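J.: I need the structure of the sequence given here:
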Amino acid sequence: MAQDLRRTALYDVHVSRGARMVPFAGWEMPVQYPMGVMAEHLHTRSQAGLFDVGHMGQIIVRPRDGDMQAAALALETLIPADVAGLEEGRQRYGLFTNPQGGILDDLMFANRGDHFLLVVNAGCTAQDLEHLQSLSAVQTTLVQDRGLLALQGPKAAGVLERLVPGVGDMRFMDSAIFKRDGVEYWISRSGYTGEDGFEISVPDDRLVVFAEDLLRDEAVAPIGLGARDSLRLEAGLPLYGHDMDDGVTPAQAGLGWSIPKLRRPGGARAGGFPGADRVLQELADGPAVKRRGLRPEGRAPIREGVEIFTQASGGSAVGRVTSGGFGPSVGGPVAMALLPASLTEGQTVHAELRGKRVPVTVTALPFIKPSYNR
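T.: Okay, the predicted model is just below:
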(Lines give C-alpha, C1' and ligand atoms only; values in the text may rest on other atoms or scores of the structure.)
Protein backbone atom coordinates (compact mmCIF):
# COMPACT_ATOMS: atom_id res chain seq x y z
CA MET A 1 0.00 0.00 0.00
CA ALA A 2 1.30 3.46 -0.91
CA GLN A 3 0.43 4.81 2.54
CA ASP A 4 2.86 2.31 4.09
CA LEU A 5 5.81 3.70 2.14
CA ARG A 6 8.22 6.03 3.89
CA ARG A 7 9.19 9.38 2.39
CA THR A 8 12.42 11.34 2.65
CA ALA A 9 12.39 15.01 3.62
CA LEU A 10 12.79 15.83 -0.09
CA TYR A 11 9.50 14.24 -1.18
CA ASP A 12 7.79 17.58 -1.92
CA VAL A 13 10.84 18.78 -3.89
CA HIS A 14 10.67 15.69 -6.10
CA VAL A 15 6.94 16.11 -6.75
CA SER A 16 7.27 19.84 -7.47
CA ARG A 17 9.91 19.08 -10.08
CA GLY A 18 7.71 16.54 -11.86
CA ALA A 19 9.34 13.35 -10.62
CA ARG A 20 7.64 10.02 -11.18
CA MET A 21 7.56 8.39 -7.75
CA VAL A 22 7.81 4.63 -7.29
CA PRO A 23 8.08 2.18 -4.37
CA PHE A 24 11.69 1.21 -3.62
CA ALA A 25 12.90 -0.78 -0.57
CA GLY A 26 9.93 0.44 1.49
CA TRP A 27 10.29 4.08 0.40
CA GLU A 28 8.56 6.28 -2.17
CA MET A 29 11.41 7.48 -4.37
CA PRO A 30 11.85 9.36 -7.68
CA VAL A 31 12.63 7.02 -10.56
CA GLN A 32 12.93 9.82 -13.14
CA TYR A 33 12.19 13.49 -13.82
CA PRO A 34 10.77 15.11 -16.98
CA MET A 35 14.29 15.17 -18.48
CA GLY A 36 14.11 11.36 -18.79
CA VAL A 37 16.48 8.60 -17.72
CA MET A 38 18.88 8.81 -20.67
CA ALA A 39 19.29 12.59 -20.46
CA GLU A 40 19.70 12.41 -16.67
CA HIS A 41 22.40 9.77 -17.10
CA LEU A 42 24.34 11.79 -19.69
CA HIS A 43 23.96 14.99 -17.65
CA THR A 44 25.58 13.28 -14.66
CA ARG A 45 28.47 12.04 -16.81
CA SER A 46 29.09 15.51 -18.30
CA GLN A 47 28.06 17.91 -15.50
CA ALA A 48 26.58 17.11 -12.07
CA GLY A 49 23.61 15.09 -10.91
CA LEU A 50 21.88 15.36 -7.53
CA PHE A 51 20.45 12.15 -6.08
CA ASP A 52 18.24 11.71 -3.02
CA VAL A 53 19.69 8.65 -1.26
CA GLY A 54 18.00 9.37 2.05
CA HIS A 55 16.45 5.91 2.04
CA MET A 56 19.84 4.40 2.89
CA GLY A 57 20.65 3.64 6.51
CA GLN A 58 23.16 5.77 8.41
CA ILE A 59 24.41 3.97 11.52
CA ILE A 60 26.76 5.33 14.19
CA VAL A 61 28.89 2.71 15.94
CA ARG A 62 30.59 3.86 19.16
CA PRO A 63 32.95 1.94 21.45
CA ARG A 64 31.31 1.25 24.81
CA ASP A 65 34.48 2.10 26.72
CA GLY A 66 35.95 4.73 24.40
CA ASP A 67 38.46 2.28 22.89
CA MET A 68 38.22 2.72 19.10
CA GLN A 69 40.68 -0.11 18.48
CA ALA A 70 38.45 -2.51 20.41
CA ALA A 71 35.44 -1.28 18.42
CA ALA A 72 37.33 -1.76 15.15
CA LEU A 73 38.35 -5.30 16.05
CA ALA A 74 34.75 -6.05 17.03
CA LEU A 75 33.56 -4.83 13.62
CA GLU A 76 36.17 -7.06 11.99
CA THR A 77 34.33 -10.09 13.41
CA LEU A 78 31.46 -9.18 11.07
CA ILE A 79 33.26 -7.42 8.20
CA PRO A 80 36.20 -9.06 6.33
CA ALA A 81 38.10 -5.80 5.92
CA ASP A 82 40.85 -3.81 7.61
CA VAL A 83 38.71 -1.76 9.98
CA ALA A 84 41.43 -1.38 12.63
CA GLY A 85 43.87 0.09 10.10
CA LEU A 86 41.46 2.70 8.77
CA GLU A 87 42.79 6.18 9.48
CA GLU A 88 40.61 8.88 10.97
CA GLY A 89 38.89 10.83 8.20
CA ARG A 90 38.96 7.92 5.77
CA GLN A 91 36.25 5.57 4.51
CA ARG A 92 36.26 2.04 3.06
CA TYR A 93 33.90 -0.34 1.29
CA GLY A 94 33.06 -3.53 3.14
CA LEU A 95 30.71 -6.51 3.34
CA PHE A 96 28.70 -8.27 6.02
CA THR A 97 28.96 -12.03 5.46
CA ASN A 98 26.90 -14.92 6.80
CA PRO A 99 28.13 -18.31 8.12
CA GLN A 100 27.80 -19.81 4.63
CA GLY A 101 30.02 -17.10 3.14
CA GLY A 102 27.15 -15.26 1.44
CA ILE A 103 26.83 -11.48 1.46
CA LEU A 104 24.29 -10.08 3.93
CA ASP A 105 24.87 -6.51 2.75
CA ASP A 106 27.53 -4.22 1.32
CA LEU A 107 28.33 -0.96 3.07
CA MET A 108 30.63 2.01 3.53
CA PHE A 109 32.35 2.54 6.90
CA ALA A 110 34.18 5.69 7.95
CA ASN A 111 36.48 6.38 10.90
CA ARG A 112 35.28 9.61 12.53
CA GLY A 113 37.76 9.75 15.39
CA ASP A 114 35.63 8.64 18.33
CA HIS A 115 33.13 6.53 16.37
CA PHE A 116 32.48 4.83 13.04
CA LEU A 117 29.77 5.89 10.60
CA LEU A 118 28.29 3.12 8.47
CA VAL A 119 26.07 3.64 5.42
CA VAL A 120 24.05 0.54 4.53
CA ASN A 121 21.39 -0.41 2.01
CA ALA A 122 17.80 0.64 2.69
CA GLY A 123 16.31 -2.83 2.53
CA CYS A 124 18.96 -4.25 4.86
CA THR A 125 19.04 -1.54 7.53
CA ALA A 126 16.96 -3.38 10.15
CA GLN A 127 18.87 -6.65 9.79
CA ASP A 128 22.22 -4.82 9.81
CA LEU A 129 21.31 -3.04 13.04
CA GLU A 130 20.41 -6.37 14.65
CA HIS A 131 23.65 -7.86 13.33
CA LEU A 132 25.71 -5.03 14.84
CA GLN A 133 23.87 -5.23 18.15
CA SER A 134 25.37 -8.70 18.64
CA LEU A 135 28.70 -6.96 19.36
CA SER A 136 29.15 -6.30 23.08
CA ALA A 137 32.07 -3.89 22.54
CA VAL A 138 30.02 -1.27 20.70
CA GLN A 139 26.83 0.77 20.89
CA THR A 140 24.87 1.34 17.69
CA THR A 141 22.52 4.19 16.83
CA LEU A 142 20.41 4.55 13.70
CA VAL A 143 20.53 8.15 12.49
CA GLN A 144 16.91 9.24 11.98
CA ASP A 145 17.09 13.03 11.72
CA ARG A 146 19.33 13.45 8.67
CA GLY A 147 18.90 13.00 4.92
CA LEU A 148 21.56 11.83 2.49
CA LEU A 149 22.37 13.37 -0.88
CA ALA A 150 24.76 12.23 -3.60
CA LEU A 151 26.23 14.90 -5.88
CA GLN A 152 27.99 13.15 -8.75
CA GLY A 153 29.76 14.17 -11.93
CA PRO A 154 32.79 16.12 -13.20
CA LYS A 155 31.38 19.47 -12.03
CA ALA A 156 30.32 18.21 -8.58
CA ALA A 157 33.45 19.42 -6.78
CA GLY A 158 33.22 22.95 -8.15
CA VAL A 159 29.53 23.20 -7.30
CA LEU A 160 29.90 21.92 -3.75
CA GLU A 161 33.05 23.97 -3.07
CA ARG A 162 31.06 27.18 -3.61
CA LEU A 163 28.63 26.16 -0.85
CA VAL A 164 30.99 24.29 1.47
CA PRO A 165 34.54 25.66 1.10
CA GLY A 166 37.24 23.05 1.57
CA VAL A 167 35.50 20.03 0.09
CA GLY A 168 37.49 20.41 -3.13
CA ASP A 169 40.65 19.38 -1.22
CA MET A 170 39.15 16.01 -0.28
CA ARG A 171 40.52 12.85 -1.87
CA PHE A 172 38.51 9.87 -3.03
CA MET A 173 37.15 8.08 0.07
CA ASP A 174 37.94 10.94 2.46
CA SER A 175 35.23 11.51 5.08
CA ALA A 176 34.92 14.75 7.05
CA ILE A 177 32.53 17.03 8.96
CA PHE A 178 32.10 20.58 7.64
CA LYS A 179 30.20 23.37 9.37
CA ARG A 180 28.11 25.85 7.40
CA ASP A 181 25.96 28.44 9.17
CA GLY A 182 26.35 26.46 12.38
CA VAL A 183 25.12 23.23 10.78
CA GLU A 184 27.18 20.04 10.49
CA TYR A 185 27.45 18.50 7.03
CA TRP A 186 28.89 14.98 7.02
CA ILE A 187 30.63 14.63 3.66
CA SER A 188 32.53 11.83 1.96
CA ARG A 189 34.12 11.97 -1.48
CA SER A 190 32.46 8.87 -2.83
CA GLY A 191 29.43 7.64 -4.71
CA TYR A 192 28.09 4.82 -6.85
CA THR A 193 28.12 6.15 -10.40
CA GLY A 194 31.74 5.78 -11.51
CA GLU A 195 32.09 9.58 -11.43
CA ASP A 196 33.87 11.87 -9.01
CA GLY A 197 31.42 13.11 -6.43
CA PHE A 198 30.26 13.38 -2.85
CA GLU A 199 27.75 11.91 -0.44
CA ILE A 200 26.42 14.55 1.94
CA SER A 201 24.50 13.87 5.15
CA VAL A 202 22.35 16.89 6.05
CA PRO A 203 19.95 17.50 8.99
CA ASP A 204 16.36 17.01 7.82
CA ASP A 205 15.39 20.55 8.77
CA ARG A 206 18.06 21.97 6.42
CA LEU A 207 17.83 19.40 3.66
CA VAL A 208 15.34 21.14 1.36
CA VAL A 209 17.17 24.48 1.50
CA PHE A 210 20.53 22.84 0.86
CA ALA A 211 19.21 20.74 -2.04
CA GLU A 212 17.62 23.80 -3.63
CA ASP A 213 20.90 25.70 -3.22
CA LEU A 214 22.65 22.96 -5.17
CA LEU A 215 19.93 22.81 -7.83
CA ARG A 216 20.17 26.56 -8.44
CA ASP A 217 23.52 25.92 -10.11
CA GLU A 218 22.92 25.43 -13.83
CA ALA A 219 25.37 22.50 -13.82
CA VAL A 220 23.16 20.48 -11.43
CA ALA A 221 20.06 18.49 -12.36
CA PRO A 222 17.93 16.23 -10.15
CA ILE A 223 18.48 12.57 -11.02
CA GLY A 224 16.24 9.59 -10.28
CA LEU A 225 16.76 5.92 -9.51
CA GLY A 226 16.56 4.96 -13.19
CA ALA A 227 19.71 6.84 -14.14
CA ARG A 228 21.39 5.90 -10.88
CA ASP A 229 20.97 2.27 -11.93
CA SER A 230 22.31 2.75 -15.47
CA LEU A 231 25.25 4.80 -14.17
CA ARG A 232 26.34 2.17 -11.66
CA LEU A 233 25.79 -0.61 -14.22
CA GLU A 234 28.13 1.07 -16.72
CA ALA A 235 30.67 1.48 -13.90
CA GLY A 236 30.48 -2.27 -13.22
CA LEU A 237 29.23 -1.74 -9.67
CA PRO A 238 27.08 -4.54 -8.22
CA LEU A 239 23.71 -3.82 -6.63
CA TYR A 240 22.66 -5.68 -3.51
CA GLY A 241 19.66 -7.94 -4.06
CA HIS A 242 20.49 -8.28 -7.75
CA ASP A 243 24.19 -8.98 -8.45
CA MET A 244 24.82 -10.24 -4.91
CA ASP A 245 22.81 -11.52 -1.98
CA ASP A 246 23.10 -13.92 0.95
CA GLY A 247 23.67 -16.81 -1.46
CA VAL A 248 26.51 -15.13 -3.38
CA THR A 249 30.03 -15.06 -1.95
CA PRO A 250 32.52 -12.16 -2.22
CA ALA A 251 34.63 -14.01 -4.80
CA GLN A 252 31.56 -14.82 -6.90
CA ALA A 253 30.46 -11.18 -6.75
CA GLY A 254 33.90 -10.01 -7.89
CA LEU A 255 34.44 -8.23 -4.57
CA GLY A 256 37.51 -10.09 -3.34
CA TRP A 257 39.47 -6.83 -3.60
CA SER A 258 37.61 -5.59 -0.50
CA ILE A 259 39.24 -8.34 1.61
CA PRO A 260 42.90 -7.37 2.19
CA LYS A 261 45.88 -9.70 2.68
CA LEU A 262 45.90 -9.25 6.45
CA ARG A 263 42.45 -10.90 6.65
CA ARG A 264 43.55 -13.80 4.44
CA PRO A 265 45.63 -16.89 5.39
CA GLY A 266 49.04 -15.81 6.67
CA GLY A 267 47.80 -12.30 7.43
CA ALA A 268 48.04 -10.64 10.85
CA ARG A 269 44.27 -10.91 11.43
CA ALA A 270 43.31 -13.74 9.10
CA GLY A 271 39.72 -14.97 9.15
CA GLY A 272 37.58 -14.48 12.21
CA PHE A 273 34.46 -13.38 10.30
CA PRO A 274 31.31 -15.34 9.38
CA GLY A 275 31.88 -17.82 6.57
CA ALA A 276 35.64 -17.22 6.58
CA ASP A 277 36.56 -20.79 5.61
CA ARG A 278 34.55 -20.75 2.39
CA VAL A 279 35.24 -17.10 1.57
CA LEU A 280 39.01 -17.46 1.93
CA GLN A 281 39.16 -20.80 0.12
CA GLU A 282 37.31 -19.34 -2.87
CA LEU A 283 39.61 -16.31 -2.91
CA ALA A 284 42.61 -18.64 -2.97
CA ASP A 285 41.31 -21.24 -5.45
CA GLY A 286 38.91 -19.13 -7.48
CA PRO A 287 35.12 -19.49 -7.52
CA ALA A 288 33.27 -21.76 -9.92
CA VAL A 289 31.02 -18.89 -10.97
CA LYS A 290 31.74 -15.18 -11.05
CA ARG A 291 30.08 -11.88 -11.92
CA ARG A 292 30.99 -11.06 -15.52
CA GLY A 293 30.26 -8.27 -17.98
CA LEU A 294 28.19 -8.87 -21.13
CA ARG A 295 27.82 -6.84 -24.32
CA PRO A 296 24.84 -7.90 -26.46
CA GLU A 297 24.91 -7.32 -30.21
CA GLY A 298 22.54 -4.67 -31.56
CA ARG A 299 20.69 -2.18 -29.37
CA ALA A 300 18.13 -4.37 -27.59
CA PRO A 301 19.00 -4.65 -23.88
CA ILE A 302 18.98 -7.93 -21.98
CA ARG A 303 17.54 -7.52 -18.52
CA GLU A 304 17.69 -9.21 -15.14
CA GLY A 305 16.56 -12.83 -15.14
CA VAL A 306 17.44 -13.58 -18.78
CA GLU A 307 19.13 -16.98 -19.04
CA ILE A 308 22.56 -17.38 -20.65
CA PHE A 309 23.65 -20.41 -22.69
CA THR A 310 26.99 -21.35 -24.22
CA GLN A 311 25.28 -22.78 -27.31
CA ALA A 312 23.10 -21.13 -29.95
CA SER A 313 20.56 -23.92 -29.46
CA GLY A 314 20.05 -26.77 -27.02
CA GLY A 315 21.90 -27.33 -23.80
CA SER A 316 21.21 -26.02 -20.33
CA ALA A 317 21.53 -22.46 -19.07
CA VAL A 318 24.92 -21.71 -17.50
CA GLY A 319 23.82 -18.54 -15.74
CA ARG A 320 21.43 -15.64 -15.71
CA VAL A 321 21.60 -11.88 -16.06
CA THR A 322 21.65 -10.13 -12.68
CA SER A 323 21.59 -6.53 -14.02
CA GLY A 324 21.04 -5.29 -17.53
CA GLY A 325 19.88 -2.34 -19.58
CA PHE A 326 20.97 0.27 -22.09
CA GLY A 327 24.21 2.11 -21.37
CA PRO A 328 23.79 5.68 -22.63
CA SER A 329 27.50 6.54 -22.27
CA VAL A 330 28.54 3.24 -23.86
CA GLY A 331 26.02 3.70 -26.66
CA GLY A 332 24.59 0.21 -26.43
CA PRO A 333 23.21 -2.45 -24.12
CA VAL A 334 25.29 -3.72 -21.19
CA ALA A 335 24.66 -6.39 -18.59
CA MET A 336 26.22 -8.35 -15.76
CA ALA A 337 25.64 -12.02 -15.01
CA LEU A 338 26.81 -14.78 -12.71
CA LEU A 339 28.58 -17.12 -15.14
CA PRO A 340 31.13 -19.95 -15.07
CA ALA A 341 34.55 -18.51 -14.22
CA SER A 342 36.00 -20.67 -17.01
CA LEU A 343 34.45 -18.42 -19.68
CA THR A 344 37.02 -16.09 -21.21
CA GLU A 345 36.73 -12.43 -22.19
CA GLY A 346 35.75 -12.12 -25.83
CA GLN A 347 33.91 -15.45 -25.79
CA THR A 348 30.44 -15.50 -27.35
CA VAL A 349 27.55 -16.83 -25.31
CA HIS A 350 23.82 -16.60 -25.98
CA ALA A 351 20.96 -14.87 -24.18
CA GLU A 352 17.46 -16.26 -24.60
CA LEU A 353 15.00 -13.46 -25.38
CA ARG A 354 11.38 -14.33 -26.09
CA GLY A 355 12.30 -17.85 -27.17
CA LYS A 356 15.15 -16.73 -29.43
CA ARG A 357 18.84 -16.84 -28.58
CA VAL A 358 20.95 -13.81 -29.40
CA PRO A 359 24.77 -13.63 -29.32
CA VAL A 360 26.38 -11.85 -26.38
CA THR A 361 30.09 -11.23 -25.74
CA VAL A 362 31.71 -11.83 -22.36
CA THR A 363 33.41 -8.51 -21.51
CA ALA A 364 35.69 -7.05 -18.87
CA LEU A 365 34.22 -4.80 -16.20
CA PRO A 366 33.70 -1.87 -15.91
CA PHE A 367 32.16 -0.76 -19.20
CA ILE A 368 33.41 2.82 -18.72
CA LYS A 369 36.58 4.17 -17.11
CA PRO A 370 35.77 5.54 -13.63
CA SER A 371 36.68 9.17 -12.91
CA TYR A 372 37.40 9.11 -9.19
CA ASN A 373 39.53 11.88 -7.65
CA ARG A 374 42.43 9.73 -6.46
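
J.: show me the shaky parts of the stretch 101-250 of the chain.
T.: By pLDDT under 70, the stretch 101-250 of the chain contains no weakly predicted segment.

J.: going by residue numbers, what spans are helices in it?
T.: In the stretch 101-250 of the chain, the helices defined using DSSP state H, counting those that start in this stretch lie at 125-132, 156-163, 204-215, 225-234.

J.: can you report phi and psi for R263?
T.: As for R263, its main-chain torsions (degrees, to the nearest 10) stand at phi -100, psi 0.

J.: with the one 4 residues further on instead?
T.: Phi and psi for G267, reported as degrees, to the nearest 10, are phi -80, psi 160.

J.: L107 versus that one, what's the distance?
T.: Counting by CB to CB, to the nearest Å, the gap from G267 to L107 is 21 Å. In this view, the C-beta of every residue, glycine as well, is placed from N, C-alpha and C.

J.: what about the two, which has more around it?
T.: When neighbours are counted by other CB atoms under 10 Å, G267 and L107 differ, and L107 comes out ahead with 22 against 14.

J.: before we move on, back to that, can I get the helices of the stretch 101-250 of the chain in CSV with mean neighbour count and distance to V22?
T.: Compiled in CSV, the helices of the stretch 101-250 of the chain are given as follows (neighbours: other CB atoms under 10 Å; distance: least, CB to CB, whole Å):
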stretch, mean neighbour count, distance to V22
helix 125-132, 17, 19
helix 156-163, 20, 25
helix 204-215, 17, 19
helix 225-234, 24, 7
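
J.: out of these, nearest to I187?
T.: The minimum distance between I187 and the helices of the stretch 101-250 of the chain falls on helix 156-163, with 7.9 Å, by CB to CB.

J.: quick one: contacts of the closest one?
T.: Outside helix 156-163, the residues that touch it by CB atoms under 8 Å, 6 or more residues apart in numbering are 48, 151, 167-168, 180, 187, 195-198, 200, 210, 213-214, 217, 219-220, 373.

J.: buried members of these into PyMOL, please.
T.: In PyMOL, this line selects whichever of the contacts of helix 156-163 come out buried by 16 or more other CB atoms under 10 Å:
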select buried, resi 48+151+167+187+195+196+197+198+200+210+214+217+219+220+373
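
J.: could you dump the helices of the stretch 101-250 of the chain into TSV with distance to I259 added?
T.: Output for the helices of the stretch 101-250 of the chain, formatted as TSV (distance: least, CB to CB, whole Å):
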stretch	distance to I259
helix 125-132	18
helix 156-163	30
helix 204-215	35
helix 225-234	21
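
J.: who wins for proximity to M29 among the ones you listed?
T.: So among the helices of the stretch 101-250 of the chain, helix 225-234 is nearest, using CB to CB, at 5.7 Å.
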